[in-house]
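Participant: Quick one, fold the following:
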Amino acid sequence: MKLTILAVGHKPPAWVAQGCAEYLKRMPRELPLAIVEIKPETRGSKSRGQLLAAEKSRLLAALNGYQRLVVLDERGADLPTVQLAERLENWMRAGGATAFVIGGADGIDETLKEQADEMIRLSSLTLPHALARLILCEQLYRAISVVRKHPYHREG
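Facilitator: Predicted coordinates for the structure are as follows:
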């Protein structure tokens, strides 16, 4: 099984890229994690709907071959780490590649959200998109640590 973060946006700051690289490196061989940057639509005089539709097309092209779509959204389920670990374990049992989508500055097209298998949120706070990448990388590493009963995560 593989995990991929599809992130709409430009190249993140070096400290975010370094942090993400550290967690990507820590993931077990049988559960690789990758980040794919999706080019945001150039704003110009386009409406929000036009921007989201163009980004949706790019996301759908990148989603080819993934069996599971998890969208990060402020209205998504608020999962404690242990519940994320349980979901990850179930996904591993079921097999198939999982894609996590982090939208751009204008969000994610509503029809793409409707196609998602799950919608989750990382926080009730508004996070910069680059920081959301880093937090998601860390939480996926933490979740697999919980599944493997590794001492990285300490409950209690």
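Participant: so where's the longest helix in this structure?
Facilitator: Of all segments of type helix in the chain, defined using DSSP state H, the longest is helix 129-147.
Participant: Relative to the strand ranked longest in the chain, what are the paired strands and their orientations?
Facilitator: Using DSSP state E, we find that the single longest strand of the chain is strand 68-78. Within its sheet, and counting by DSSP bridges, strand 68-78 is paired with strand 98-102 (parallel), strand 118-121 (parallel).
Participant: So for that strand, mean pLDDT?
Facilitator: In this model, strand 68-78 has a mean pLDDT of 95.
Participant: And the next helix-or-strand element following it, what's buried?
Facilitator: As assigned by DSSP states H and E, the chain's next helix or strand after strand 68-78 is helix 81-94. The neighbour-count check on helix 81-94 (16 or more other C-beta atoms under 10 Å) flags 84-85, 87-88, 91-92 as buried. All C-beta spots, glycine's among them, are computed from the backbone N, C-alpha and C.
Participant: got it, and stretch 46-55?
Facilitator: Quick answer for stretch 46-55 (16+ other C-beta under 10 Å): 51-52, 54-55.
Participant: What of stretch 124-141?
Facilitator: Neighbour counts using 16+ other C-beta under 10 Å place 127, 129-141 of stretch 124-141 among the buried residues.
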